[in-house]
Every structure is written in structure tokens, then in C-alpha cells.
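Asker: when you get a sec, could you give me coordinates for this:
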Amino acid sequence: MQYEKPASQVDEVMIEPGAVSLATWRRILRDGPQVRLASGARAAVDTCHAAVVKLIATGQPIYAVNTGFGKLASIRIEADQLVQLQRNLILSHSAGTGELLSDDLVRLILVMKAAALAQGYSGVRWALVEALLALANAGVYPCLPSRGSVGASGDLAPLSHMAAALMGIGEVRHRGNILPAAEGLRHAGLEPMTFGPKEGVALINGTQVSTALGLAGLFAAEDVMRAALVTGALSLEACRGNDAPFDARIHAVRRHRGQRDVAAIYRRLLAGSPIRSAHRSKLKVQDPYCMRCQPQVMGACLDNLRYAANTLAIEANAVSDNPLVFPEQAEVLSGGNFHAEPVAFAADIIAISICEIGSLSERRQAMLIDAALSGLPAFLIENSGLNSGFMIAQVTAAALTSENKMLAHPASVDSIPTSANQEDHVSMACHGAYRLGQMADNAAAIVALEWLAAAQGADFHKPLEPAAPLAEAVRLLRNEVPRLEHDRYFAPDIAAAKRLLVAGAIGDLAAESLFDETVA
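Answerer: This next block holds a predicted model:
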């Protein structure tokens with residue numbers, strides 16, 4: 001019987017702009033439900049748009065409405081050229097390159113942008129908000145290049161490709177096929193749009209691409225971490241490790257929340273282990289750090305991921321375009337909410353955490369295959385010498401771990417001035433968040449390799465079983481990957497374990513979620 005991830009029970013979500021939970025963003029990204037806005041959202045949008053129309057009529061200069069952009073902000077644009085200004089903005093800024101973002105990411109970006117505009121500070125028409133949701137709900141995804149944003153002023157290039165698609169320019173993807181944008185719009189029941197004053201800049205000035213990439217990386221990191229808690233406990237079982245380091249009293253006096261929470265998960269996973277009960281008198285006083293310090297290392301990772309989750313939950317609900325309209329005061333203020341420094345920091349923190357989760361897992365694998373440290377057959381195989389067992393599997397884990405160390409270099413510490421030094425400090429959030437997908441994929445493979453090795457090690461203790469949740473982890477794996485009795489073509493085993501892990505087969509044994517799901 002194959003493991004299958006449970007299907008979602010609800011195929012529609014209603015969102016309140018500015019108050020969307022992490023759990024809902026995760027659903028929109030991964031499950032693709034139909035999205036509706038709360039019924040009260042339109043009034044704020046209509047009020048704000050009416051305020052912009054009145055302000056334009058006064059003739060006062062309003063940045064990006066009747067002026068140029070960036071370094072050209074001092075140039076006034078005549079009233080009969082305001083629509084052309086917005087069109088030129090989108091065309092000139094559609095300068096992205098690189099592989100296209102996936103459909104699930106583009107769907108999240110569309111909904112996130114609609115939710116930001118629907119808060120009533122951007123001056124757009126309600127029809128524009130509806131059009132963004134129509135694309136998402138029809139599965140018509142603008143082709144957004146992954147490269148070209150420096151994370152200020154917002155994610156200009158990729159979001160311009162999104163806006164161009166609404167104009168019927170460029171390309172979209174629908175049911176896996178790339179189509180001309182104008183044809184794709186018809187699948188969503190739309191006609192090409194002409195943007196009025198303020199609308200083009202509202203669409204492209206924002207952090208939605210960086211934030212969506214950050215959220216995707218965050219959710220993937222959480223999945224890998226939940227699985228690594230299980231494989232780490234299973235490795236301890238295989239090595240007949242000492243569970244004393246998980247005692248709650250140790251972690252209470254250190255006081256870090258993540259460390260306490262992680263230690264509690266390990267205690268639950270390891271409780272009532274027949275393997276360790278049978279070998280209690282032979283347990284080592286101290287195991288290597290990769291076993292003994294799991295709560296300290298993984299707890300620190302959890303604290304970091306929770307910080308990043310809080311930051312991204314705020315940013316995903318933020319209004320981050322510029323300028324902003326405040327209808328009650330009849331004012332348009334130019335600021336810098338488009339600067340994605342919070343997202344860049346969060347992405348760097350997630351990257352470091354992913355790197356450490358994988359690094360600790362690889363060290364446990366190295367211990368498992370070392371007969372002197374683990375007490376198990378060398379390289380986890382009978383008749384070693386003739387058989388190499390898990391020798392090169394650990395090398396693969398080491399290679400992936402080293403790659404993640406390279407990718408974990410902070411992006412936020414870099415800045416290159418743009419727009420003739422008008423935009424002289426930028427966040428680099430977009431590619432900082434983009435790399436998280438590759439890092440999480442690498443880490444998933446590392447932890448899948450540990451799952452294979454730890455299950456193999458636990459099998460050497462039969463008829464004794466690991467603790468019940470860990471025995472279930474072995475059973476789930478053995479449904480698709482048999483025990484390694486002698487050398488065989490190894491790659492399919494890795495692929496099967498990784499597929500199960502990514503589908504959530506063992507993560508739920510640790511915890512359904514590691515984050516607080518409310519909006520910060």
C-alpha cells in the first residue's frame with residue numbers, strides 16, 4: 001500500500017485582506033483552491049480610487065501618477081499622457097530573465113497582490129483586483145521570469161511581466177501549455193486591460209514575488225525539519241543512543257522555547273522503546289554531539305524558522321507598493337514599503353536553518369555507517385567488503401550538505417545601486433528567497449538518506465522494535481523500500497524515500513505544524 005498525502009477537504013477559501021494566516025497561504029500555494037475576498041473589501045478600494053481621481057484633478061504633482069519614475073520623478077507628465085505613462089512603465093520594466101516561476105508560486109503571487117491592493121491604499125479600480133483573482137482561479141498563470149529583481153523598488157521586473165499579461169502582452173501558462181497572454185485572458189473570462197493612473201505602478205511596486213518565494217521556502221523547510229526530527233530519533237534508536245539528554249529539566253534551565261519544544265518531541269518519539277529498554281545497562285554515558293545535541297541544534301533552527309515565519313506572515317499581509325494613498329486625509333505619501341529588507345533577512349535565516357538541519361542529519365549518517373561509533377555492521381550491510389552498503393549514500397549526503405553551505409551565504413549583506421543611484425541600497429531579497437527551493441530540495445534528499453540508513457540500522461536489532469512512532473516510520477518506508485540485504489541499484493531507493501518524505505509521510509509523526517498559525 002503506497003502512502004498518499006491526504007487530500008484537502010475544502011476547495012475554496014475566503015480571505016480577509018490584511019489578515020490571512022500562514023495556513024491559508026500554504027493552502028493557496030500547495031492546493032490551489034478557489035479564492036474569494038471577504039465581502040467588505042470593495043468599499044475601501046472604491047473609496048481610495050475615488051480619492052486618487054480627485055487628487056489628479058487638482059493638478060498637484062503625485063509621484064508615479066503624473067510624474068516620471070525613480071530618477072525621473074521630477075519630470076511632470078501631462079494629463080493626456082497619464083495612461084500612456086502606465087503602459088510605458090509596464091513595457092519598459094518587463095525585463096526579467098531566467099527560468100519561469102512555477103504555477104503554484106505565480107498563483108500565490110497573484111492572490112497576494114490582490115489582497116494587498118484590496119486593502120484600499122493603492123488607488124486602483126476594483127476591476128483590477130478582480131482580474132488578478134480571475135487569473136488565479138482560472139489557472140491562467142502569467143509567465144514570470146525568476147531573475148531580475150533586486151528586492152527594491154519592489155520586485156519590479158517579475159511583477160511587470162504579471163501586469164503585462166493583464167494588458168494582453170507576453171505569455172501565460174494554462175494547464176501546462178504556454179499561450180499568448182491575450183488568448184490566456186479569454187480562458188479567465190477577461191479582456192486586455194488598459195491601466196489608469198497609479199494602477200501600473202501599484203501592480204509592480206511591491207514585495208509579493210520575494211515574499212511568495214520566502215513562504216514556499218519556509219513551508220519546505222518546516223516539512224524537512226519535521227521529518228528530520230523523526231529520522232534523528234530513529235538514528236538514536238539504531239545506535240542505541242542515550243535518551244537522558246532529552247530530559248525536560250536540562251532544557252528548562254536553558255529557557256529557549258524552540259529547544260524545549262524540540263526536546264519534548266524527541267521524548268514523545270522515543271518513549272517506550274523496546275530497543276533501548278533491552279540495552280539500558282549498555283548505553284553510553286555520552287553520545288556524539290550529532291545525537292546528544294539534537295534539541296540544542298534543532299531547537300535553534302526552530303526558533304529561527306519561527307522568527308522568519310512571523311516576518312513573512314506580516315509581509316504577506318502588508319501593503320508594500322508606493323506611493324500610498326490615504327483617502328481620509330486626501331494625501332498621497334511616497335515612502336519605501338517596497339524595500340524587501342525584512343524578507344531578505346528572513347530568507348537568509350531560513351537558508352542557515354535548512355543548512356544546519358541537513359548538516360546534522362549528514363553527521364548522524366556518518367555515525368551510523370561507522371562501526372566503531374554505532375556498534376552496527378560496517379556501512380550498515382552484512383558481509384561488508386563484498387558489499388559497500390551505505391558507503392556512497394553518505395557521500396551523496398555530504399555532497400548535498402556542502403552545496404547547501406555554499407548556498408547559505410547571506411544575500412541581504414549585498415547591495416548594488418540602481419536607477420542612477422536614486423535607488424542606492426537594495427535588499428537582494430528575491431534571489432535570496434529563490435535559492436531556498438534548491439536548498440530545501442537538497443535537505444529533503446539528505447534527510448531521506450538518513451531515513452534509509454536509520455531504518456536499516458534499526459532492522460539489525462530485530463526482533464526488538466523502535467518506539468511506536470519510529471516503528472511506524474520504518475513501516476512506511478518498508479512499504480516501498482525493502483531492507484538492503486546486499487548491494488543493489490541504490491538510486492531508486494533514495495528517490496522513493498525522498499518522494500515519501502516530501503509528501504509528508506513521516507513529518508506528521510513529529511508534529512502537524514511547528515509554527516504559530518495566526519497572523520502576527
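
Asker: so what's the residue count around residue 372?
Answerer: Residues contacting residue 372 under the criterion other C-beta atoms under 10 Å number 7. Every residue, glycine included, has its C-beta placed from N, CA and C.

Asker: ranges for the helices of the stretch 101-250 of the chain?
Answerer: According to DSSP state H, counting those that start in this stretch, the stretch 101-250 of the chain carries its helices in the segments 103-117, 126-138, 156-166, 181-187, 199-204, 208-238, 248-254.

Asker: can you list the helices and strands that the shortest one packs against?
Answerer: Using 3 or more C-beta pairs under 8 Å, 6 or more residues apart in numbering; DSSP states H and E as the contact definition, the elements that helix 199-204 packs against are helix 82-93, helix 103-117, helix 126-138, helix 156-166.

Asker: and for the last one?
Answerer: Under the contact criterion of 3+ C-beta pairs under 8 Å, 6+ apart, helix 248-254 touches helix 257-270, helix 294-316.

Asker: deepest of these, which one?
Answerer: Per-residue neighbour counts averaged over each of these give the maximum for helix 294-316, namely a mean of 22 (mean count of other C-beta atoms under 10 Å).

Asker: which is the next helix or strand following that one?
Answerer: Later in the chain than helix 294-316, the nearest helix or strand by DSSP states H and E is strand 324-326.

Asker: would you mark the buried spots in that next one?
Answerer: When neighbours are counted by 16 or more other C-beta atoms under 10 Å, the buried residues of strand 324-326 are found to be 324, 325.

Asker: cool, stretch 228-247 as well?
Answerer: Under the neighbour-count criterion of 16+ other C-beta under 10 Å, stretch 228-247 has 228-243, 245-246 buried.

Asker: likewise for stretch 383-401?
Answerer: By neighbour count, with 16+ other C-beta under 10 Å as the criterion, the buried positions of stretch 383-401 are 384, 387, 389, 390, 393, 394, 396, 397, 398, 400, 401.

Asker: now for the fifth one: which residues touch it?
Answerer: For residue 393, the contact set (C-beta atoms under 8 Å, 6 or more residues apart in numbering) comprises 365, 449, 452, 453, 490, 494.

Asker: do you know how far residue 395 is from residue 342?
Answerer: Using C-beta to C-beta, to the nearest Å, we find residue 395 at a distance of 38 Å from residue 342.

Asker: kindly apply the preceding question to residue 146 instead.
Answerer: Here residue 146 is placed at a distance of 21 Å from residue 342 (C-beta to C-beta).

Asker: got it, and residue 332?
Answerer: The span separating residue 332 from residue 342 equals 24 Å under the rule C-beta to C-beta.

Asker: can you check residue 91 too?
Answerer: Taking C-beta to C-beta as the measure, residue 91 and residue 342 are separated by 30 Å.

Asker: these two: which has the busier surroundings?
Answerer: Between residue 91 and residue 342, counted using other C-beta under 10 Å, the more crowded position is residue 342 (22 against 16).

Asker: hmm, that one is touching residue 313, no?
Answerer: No: with contact defined as C-beta atoms under 8 Å, residue 342 does not reach residue 313; the gap is 11.1 Å.

Asker: stretch 114-132: end-to-end distance?
Answerer: The distance separating the two terminal residues of stretch 114-132, taken as C-alpha to C-alpha, to the nearest Å, comes to 6 Å.

Asker: report the mean per-residue pLDDT for it.
Answerer: In this model, stretch 114-132 has a mean pLDDT of 98.

Asker: what comes up buried for it?
Answerer: Within stretch 114-132, the residues that qualify as buried are 114-126, 128-132, counting by 16+ other C-beta under 10 Å.
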